[in-house]
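Q: Quick one: sequence and predicted model below, then my questions.
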Amino acid sequence: MIEAQQHSATTPRVAAFDAWIRGRFVDLNTRLENVYAAQENRANVHGIGDEIKAKLRDEGRELITPLIEEGNTDEGFDRAFELLGNVGYYMAACRRHEITEPSRERTSPLVEASTLALHLGATVGTAPRFVASHMETYNRAVNGVYRTFTWGADEKIFLDYNTRSSLAYMRAADALGRIHPMGISHPAANDLLLAAKDALDQALALNIELGRVLDVDEFFFSVRPYYKPYRVGSQEYRGANAGDFAAFNQVDLLLGLCSPTDPSYTQVVVEKIPYLPPDEQRRLQHSFTHPNLLDGLLAHADVSNETWFQENAAAYLDVCAAHGAVAAHHHDELVAAFIERPAEDIPPEHLETITASGPPLDVLVRALEGLRDRRIAADRDDIPTRRDDLAALRALLR
Ligand code: HEM
């Protein structure tokens, strides 16, 4: 009842497009995935299922064109962001099926969709494409079912776990972010550190489970291709990335494992900002202005015998270990099993756009390794890590 009411708050044209995206669009994508999967080389989509592709392109365009005429109906952020997601789903699917291909074109042939997406991107203050939040924390479920590209079980598995893991990270970031205004010696700070550790342990458990239940081939060949870069108008926007939420970086910065004055790290964060919804952008910006907890604890070394210090320093180190464990698992297990290993077996011509952000896979993997090593405070002399500072803190524990 509530969902039906929310739905009727939108215009009939927006609702018609939404209904198509949640039904017929998913059918068409699923049919195409089945045709691709029946081939010996399932990475090949060129010239396959052209009739279905034409239906996808034309039916979508017919529903989008009247939305441009309708203009900005000013129904608030949630509606505009959701509609941007729907246009984005359509454009991403066209990219996945190579109805569009950014290296082949200088401007997107999806003129109507580009027009609407650019208008909406300017309205909400994000990149004019579909982003991870459209699939996760802003993906409205209708009667228990949220938007997906296909009916494939593995797409839903990937999103269910990603969403829940992101939410766990958001709980950790929220807890850590509340310590600064009250100070690390406040009696309630210990509760917040324990809450953060608990949330990060949950994120790890979810990610481990995801790695166990997700099918490597289905993910690699039928889920990830929808997250590729595509053009909106003349500009190409990088792909959607499950890591496009603020909390992972908030935790990095609040713990002090990564530094706002480390240019390689900050570059990763700055690049991400347009791909976050505005509330997430603000959270991330905020965490750049806070002093970090590690510096805060080390500044109290002269009172390290106090009970509060002993308890909170120990709890802080446990939070760091939990964060490091998630980061190490992400890199050593998820990226290795679901990206690196399957990439070894596919022909080089299909490898070019394998990463969401665009760089060649080995370059991306090295960059991700650097992030992991900051988070586990590894012994490296080529990038800044807090290994020595963590050792100094540990040495103050009785
Ligand atoms: C099968 C599961 C997953 C795979 C294969 C995977 C793979 C990747 C890859 C390849 C990137 C680099 C993106 C690019 O530039 O192309 C990335 C980034 C990222 N992923 Fe995942 N990921 C998975 C699940 C998750 C989950 C569940 C989370 C969070 C809780 C997560 C958090 C992140 C973050 C935060 C980044 C941004 C880079 C960083 O700060 O480390 N990923 N992931």
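A: Perfect, I can see it now. Numbers count the residues shown, from 1 in each chain.

Q: okay, CA-based contacts and neighbour counts for the rest of this
A: Fine.

Q: mind listing what Leu253 touches?
A: Leu253 is in contact with Ser259, Pro260, Ser287, Phe288, Asn292, counting by Cα atoms under 8 Å, 6 or more residues apart in numbering.

Q: Show me which of those residues are buried.
A: Ser259, Pro260, Ser287, Phe288, Asn292 (16 or more other Cα atoms under 10 Å).

Q: How far does stretch 302-312 sit from its chain's centre?
A: Centroid displacement of stretch 302-312 relative to its chain, using Cα atoms, centre = their mean, to the nearest Å, is 38 Å.

Q: what is the rounded mean pLDDT of it?
A: In this model, stretch 302-312 has an average pLDDT of 98.

Q: of all the contacts of Leu253, which comes closest to Tyr146?
A: Ser287 (30.6 Å; Cα to Cα).

Q: Next up, the contacts around the closest one.
A: So Ser287 contacts Gly177, Gln250, Leu253, Leu254 (Cα under 8 Å, 6+ apart).

Q: follow-up on the earlier one: could I get the buried ones among the contacts of Leu253 as TSV with secondary structure, distance to the ligand and pLDDT?
A: Listed next are the buried ones among the contacts of Leu253 as TSV, based on DSSP: H, G, I helix; E, B strand; the rest coil; distance: Cα to the nearest ligand atom, whole Å; pLDDT from 0 to 100:
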residue	secondary structure	distance to the ligand	pLDDT
Ser259	coil	13	96
Pro260	coil	14	95
Ser287	helix	15	88
Phe288	coil	15	90
Asn292	coil	18	97
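
Q: Checking Val45 next. Helix, strand or coil?
A: The three-state label given to Val45 by DSSP: H, G, I helix; E, B strand; the rest coil is coil.

Q: Tabulate the contacts of Leu253 (TSV), appending distance to Leu210.
A: Output for those, formatted as TSV (distance: Cα to Cα, whole Å):
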residue	distance to Leu210
Ser259	30
Pro260	31
Ser287	29
Phe288	31
Asn292	31
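
Q: Provide a list of residue ranges in the stretch 201-350 of the chain with pLDDT below threshold.
A: Segments of the stretch 201-350 of the chain classed as low confidence (criterion: pLDDT under 70) are 348-350.

Q: what does it put close to the ligand?
A: Asn207, Asn241, Ala242, Gly243, Phe248, Leu334, Val335, Phe338, Ile339 (Cα under 6 Å from any ligand atom).

Q: pLDDT weak spots in the stretch 1-150 of the chain?
A: Across the stretch 1-150 of the chain, the ranges flagged by pLDDT under 70 are 1-9, 72-74.

Q: show me where it has helices.
A: Along the stretch 1-150 of the chain, the segments classed as helices by DSSP state H, counting those that start in this stretch run 2-8, 12-21, 24-37, 50-70, 77-96, 111-124, 132-135.

Q: export these to TSV and tack on distance to Thr385?
A: Formatted as TSV, the helices of the stretch 1-150 of the chain follow (distance: least, Cα to Cα, whole Å):
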stretch	distance to Thr385
helix 2-8	48
helix 12-21	45
helix 24-37	44
helix 50-70	49
helix 77-96	37
helix 111-124	36
helix 132-135	29
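
Q: can you redo those as TSV with mean neighbour count and distance to Val142?
A: Listed next are these as TSV, based on neighbours: other Cα atoms under 10 Å; distance: least, Cα to Cα, whole Å:
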stretch	mean neighbour count	distance to Val142
helix 2-8	11	7
helix 12-21	16	10
helix 24-37	19	15
helix 50-70	16	20
helix 77-96	22	13
helix 111-124	19	22
helix 132-135	24	14
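
Q: Would you mind saying which of the ones you listed lies nearest the ligand?
A: The ligand lies closest to helix 132-135 among the helices of the stretch 1-150 of the chain, at 10.7 Å (Cα to the nearest ligand atom).

Q: Got the domain ranges for the protein?
A: 2-130, 153-395 (automatic domain parsing).

Q: leaving aside the residues next to it on the chain, what's closest to the spatially most central residue of the chain?
A: Per Cα atoms, centre = their mean, the C-alpha nearest to the average position across the chain is that of Ala242, at 2.6 Å. Nearest residue to Ala242, sequence neighbours excluded (Cα to Cα, 6 or more residues apart in numbering): Ala132, at 5.7 Å.

Q: how much space is there between that neighbour and Glu69?
A: As judged by Cα to Cα, to the nearest Å, Ala132 and Glu69 stand 28 Å apart.

Q: Same question for His323.
A: Distance of His323 to Glu69, computed by Cα to Cα: 48 Å.

Q: is it true that Val232 touches Glu105?
A: No - Val232 sits out of contact with Glu105 when judged by Cα atoms under 8 Å, with a separation of 11.2 Å.

Q: Those two: who's more crowded?
A: Using other Cα atoms under 10 Å as the criterion, Val232 and Glu105 rank with Val232 on top: 25 against 11.

Q: What residues are bridge-paired with that one?
A: Gln235 (DSSP bridges).

Q: what sits against it?
A: Thr107, Ser108, Ser114, Ala117, Leu118, Pro128, Arg129 are the contacts of Val232 under Cα under 8 Å, 6+ apart.

Q: what residues are up against the residue of the stretch 151-300 of the chain at minimum distance from the ligand?
A: Among the residues of the stretch 151-300 of the chain, Gly243 lies closest to the ligand, at 3.2 Å counting by Cα to the nearest ligand atom. Neighbour list for Gly243: Ala132 [criterion: Cα under 8 Å, 6+ apart].

Q: does it belong to a helix or a strand, and which?
A: Following DSSP states H and E, there is no helix or strand that holds Gly243.

Q: tell me the phi and psi of it?
A: Dihedral angles of Gly243 (phi, psi; degrees, to the nearest 10) stand at phi -90, psi 10.

Q: Pull up the gap between it and Leu276, please.
A: Note on Gly243: its distance to Leu276, by Cα to Cα, is 10 Å.
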